[in-house]
Structure formats: structure tokens, C-alpha cells
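Trainee: Provided below for reference: sequence and predicted model.
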Amino acid sequence: MLAGRRIVLGVSGGIAAYKAVEVCRRLVDAGAFVSPVMTKDAERFIGKVTLSALASEKVRTSMWDEAEPIPHTKLGQGADVVVVAPATARVLGAYAAGLSYDLLTSTLLATRAPVVVCPAMHTEMWEHPAVQENIATLRRRGVHVVDPEVGRLAGGDEGAGRLADPAVIVAAVERVLATGHDFAGVRVLVTAGGTREPIDPVRFIGNRSSGKQGYAFAEVAHQRGAHVTLITTVDRAVTAGIAVERVETAADMEAAVARHSNEADVIVMAAAVADFRPKAAADVKIKKGEGVPEVVLEPTPDILAGLAERKRHGQVLVGFAAETVDVRANAADKLARKRLDLIVANDVSAPGAGFEHDTNSVVVLAADGTEQNVPLTDKRQVASVVLDAVAARLPRRPG
Ligand code: PMT
């Protein structure tokens, strides 16, 4: 997995910088081409000569080498993966805030390659809300974080914040490279958000979906190389390269899905589509003085069931089941009834899970009877696990 891969190894200024030497050696031994970048503070902890001797080329430390103009773009564009070990609070903060003040932080902003950060710092710093918020921001953006370990720290202290073992870091890099582009050439259609069914021009029947889970799918699939079309009822920031179509009602969503479903290899229905809508929306605002209106409802089209009826050979269909009671049984019933390949059973009453949270906990049920429990984690990680299950069900492609 590592042979021939180009890895930028960023080393920032903490006592754990000495372990970067071992990370570098392991990557090179496995056949990777390692380009080391050290910050000024890293040079206080280890010598440039040490890393240069072990890496595939000399250490770079500066943006201002006349022999090599704009080194950050060259490094960023050429990398298969960028690894920062150790990553200090300062580097993590700059990266989360989009600041570039040296070669390493500029390279992090200049790359489209996956990035693995390996934080290391004292426990108090690691647990500081500012650092934790930066880590959460980076995770949300798809940065892979190798969590620090609990153990002995500089100065004889004990606690969380010790750089992960070099073997763990190298294994994480291998994993990132392995899943890096397993969706290359795969067309993925994702729906996100809750539909709004109008009662009159100012009122609607809606639900609490924020779109976070659907967007997480779109982002992770895009990062893994898929061509992603996202049909959404909400406006959220999205990575350039994801095609976005904005809709409002279940009928809009059904029409947009129909336009794209035939060409899609994978369809993920993460949207919370209304099951009922007002039979007739009033053309003008219903006045309070006219008394309490009677709103007559009718069922909306079941988009997912329609997709299952038209399903192409080899297409993978993923539904969600938002439930509050008998979660597994209800999800299993929807999986069979809607003839899906996978269903993500989502107990939306569980703490930290479901609507609006950044986290979720789900059980992924497959038509072949297998199931996987995903305990509370970031919504991107949920998407990753489900996409792993999708990848295993995609028809084998030539090459
Ligand atoms: O958006 P977030 O705030 O991040 O919250 C995420 C989520 C809770 C919305 C998400 O994880 C989730 O559970 N989405 C599915 C919500 C839902 O509508 O579940 P359901 O059990 O009512 O529907 C079952 C499946 O049928 C879903 O895939 C749904 O998209 C689909 N459906 C439902 C009704 C309908 N008329 N047409 C459909 O296609």
C-alpha cells in the first residue's frame, strides 16, 4: 500500500518530534517516498540532518529557498497523503483557521490529498475546548486524526496527549491510502435535509433534519473519489466538485432524484422526506381571524420505494430508518419492504444521535442478513462505515 506513494511528513515543535524519525523510517522502509517538512520549533527538538538522512529527500524548512520557488504548492499537489506527526496545538489551530505562516501550514492549505494529523501535547492543552473545537472542525472537514495516547508526557507527567505509537500512525496512513479512492468513477446520489410541505405561502409542515448526515455522506464519498450529486433542502457549505441541487418539497425531491437516479451507481436516501403533505396549499396567507383552519393531509410519494422498483442491476440502494421505538425491527421491516441493499437504523431518540447533532449512532442492516453496530461517533465516520459496506457490494470494475 505504501510502496511508491508520495508522503509529505510534517514535523512540528514538540518533544514527540523525536518519534517522527521512527515514523519516517517505517514509511521509507515500506517503500514510500517521504518528503519531510520541519517547522522552526521542530528544529529545536531534532536535527535536520537526522531526518534528511532517513527520508527520501532533504528536509525542507522554509518557503524562501531561491532554488525552489513556491515549494508548498509543489509539495501539496504532488502528495498522495500529508501526515503531521507530531501536530502541535499551534499547527492544528492554524490549519483549522486556514492560516498559513510557514512551509508546513502553507502545504496543508495547498494540498487536496488526504491529511492525517497526529496531535501531541500536554493533557491540559489537549483537553482545552479551543483545541478540541479545532480537532472537531478538522474532523468535520475530513482530516484524519490519530488520537494521542494516554501515558508518560514530558516533565514526568502522566495523561492523555502522548503521540500515538509510530506503528499506529503508519497503519493509519496505510488505511487512508487504501480507502483513498475506492469510489473513483462511481456515481453517488445523496439526499439531505427535511422536506417542507406548504400549508400556505408562509407556513409549512417540516421536520428537524439539518442535513448534516446527508452532507457527511456527500463529503466522504467525494473524498473517496466518487462523482457526487447532492439533492438537498438545506444550504450548507460544501466542497467544490460536489454537484448540488436545491429542492423544497417531497415532490421536488422525487423529481430531482428521478432526473439523476438512472445514472447513479449508489443512492443514499439520508433525507427526512415528509410522509404527509397538505392536500391543497392555500394561495394566500391563511388569516388568523378566519378561525382555526382544517388542514387535510395526503400521503407523499415514497421516493425510495419508487427507486427500488426501477433499480438497475448492480445499483446499490441505501435507505435510512429514523425510529424512536423498536428501531431494529422497524428498520429490518423497511429494508425488506422497500427492497433495499442496506438500511441505516437510526434511533433518533438516543442521546447525541439523529437530528441536528454532529454525531450519530446507528446499526447498518444489509439485505444479506449481516449487520454492523456503529456506536456514537462523528457523522462523517458513520458515512465512512456505511460507504465501506456499499463498496463491498459494488460490482467489480475492470482494472
Ligand atoms: O439531517 P440530520 O439533522 O443530520 O439528521 C439525520 C437524519 C436523522 C435525518 C438521518 O440520519 C435519517 O434518519 N434520515 C431518514 C429520515 C426518514 O425520513 O426516515 P423514515 O424512516 O421516515 O424513512 C425511511 C426511508 O425512506 C428514508 O431513507 C427516507 O429518505 C425514505 N423516504 C421516506 C418518505 C418518503 N415519502 N420517501 C422516501 O424516500
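Mentor: That came in fine, so what should we check first?
Trainee: how much space is there between Val364 and the ligand?
Mentor: Going from Val364 to the ligand by C-beta to the nearest ligand atom, to the nearest Å gives 12 Å. Placement of C-beta: from N, CA and C, glycine included.
Trainee: Tell me what that residue is bridged to.
Mentor: Beta-bridge partners for Val364, by DSSP bridges, are Val344, Gln372.
Trainee: Count the neighbours of Ala243 for me.
Mentor: When neighbours are counted by other C-beta atoms under 10 Å, Ala243 registers 14.
Trainee: these two touch, right, it and Thr232?
Mentor: No: Ala243 sits out of contact with Thr232 when judged by C-beta atoms under 8 Å, with a separation of 10.9 Å.
Trainee: Find residues that contact each of the two.
Mentor: In terms of C-beta atoms under 8 Å, 6 or more residues apart in numbering, Ala243 and Thr232 are not both contacted by any residue.
Trainee: tally of neighbours for Lys334?
Mentor: 19.
Trainee: which residue sits closest to it in space, ignoring its chain neighbours?
Mentor: Leaving aside its sequence neighbours, Lys334 sits nearest to Ala321 (C-beta to C-beta, 6 or more residues apart in numbering; 4.9 Å).
Trainee: isn't Gly4 right next to Gly31, touching?
Mentor: Yes: counting by C-beta under 8 Å, Gly4 does reach Gly31; the two are 6.3 Å apart.
Trainee: Helix, strand or coil: sort out Ala392 for me.
Mentor: helix (DSSP: H, G, I helix; E, B strand; the rest coil).
Trainee: again with Arg175
Mentor: helix.
Trainee: so what's the closest residue in space to Ile343 that isn't next to it in sequence up against?
Mentor: The shortest distance from Ile343 to any non-neighbouring residue, by C-beta to C-beta, 6+ apart, is to Leu335 (4.1 Å). Leu335 makes contacts with 319, 321, 342-343, 365-367, as judged by C-beta under 8 Å, 6+ apart.
Trainee: Who wins on neighbours among those?
Mentor: Ile343 (29 neighbours).
Trainee: what's the spacing between that one and Ala322?
Mentor: Distance of Ile343 to Ala322, given as C-beta to C-beta, to the nearest Å: 11 Å.
Trainee: cool, and Ala221?
Mentor: 21 Å.
Trainee: Comparing those two, which residue is more hemmed in?
Mentor: Set side by side, Ala221 and Ala322 show more neighbours around Ala221, with 27 against 21, by other C-beta under 10 Å.
Trainee: right, and that one touches Val228 too?
Mentor: Yes: with contact defined as C-beta under 8 Å, Ala221 counts as touching Val228 (5.1 Å).
Trainee: Please enumerate the shared neighbours of those two.
Mentor: Between them, Ala221 and Val228 share the contacting residues 188, 190, judged by C-beta under 8 Å, 6+ apart.
Trainee: Cross the contacts of Leu335 against helices and list the overlap.
Mentor: Assignment to helices by DSSP state H places none of these there.
Trainee: of the residues you listed, closest to Pro86?
Mentor: Leu342 (38.1 Å; C-beta to C-beta).
Trainee: For that closest one, which non-adjacent residue is closest in space?
Mentor: Val318 (4.7 Å).
Trainee: ok so, going back, and the contacts of Leu335, which is closest to Val37?
Mentor: So of the contacts of Leu335, ranked by how close each gets to Val37 (C-beta to C-beta), first place is Leu342, at 40.8 Å.
Trainee: Look up how far the ligand lies from that closest one.
Mentor: 11 Å.
Trainee: okay but that residue is in contact with Val386, surely?
Mentor: Yes: if you go by C-beta under 8 Å, Leu342 and Val386 touch, sitting 6.8 Å apart.
Trainee: Could you pull out the residues contacting both of those two?
Mentor: By C-beta under 8 Å, 6+ apart, the residues touching both Leu342 and Val386 are 318, 364.
Trainee: the helices in this protein, which residues?
Mentor: Secondary structure of the chain by DSSP H: the helices cover 17-29, 48-54, 71-78, 89-97, 103-110, 123-127, 129-140, 166-179, 212-223, 250-261, 303-309, 327-337, 379-393.
Trainee: Most tightly packed of the ones you listed?
Mentor: The highest mean neighbour count among these, using mean count of other C-beta atoms under 10 Å, belongs to helix 212-223: a mean of 26.
Trainee: avg pLDDT for that one?
Mentor: Taken as a whole, helix 212-223 has an average pLDDT of 93.
Trainee: Repeat that for stretch 370-389.
Mentor: 94.
Trainee: now stretch 191-199
Mentor: 98.
Trainee: got the end-to-end distance for that stretch?
Mentor: Stretch 191-199 has its terminal residues 23 Å apart, counting by C-alpha to C-alpha, to the nearest Å.
Trainee: residues contacting the nearest residue to His72 once chain neighbours are set aside?
Mentor: Nearest residue to His72, sequence neighbours excluded (C-beta to C-beta, 6+ apart): Ser106, at 3.7 Å. Ser106 makes contact with 63, 72, 76, 100, according to C-beta under 8 Å, 6+ apart.
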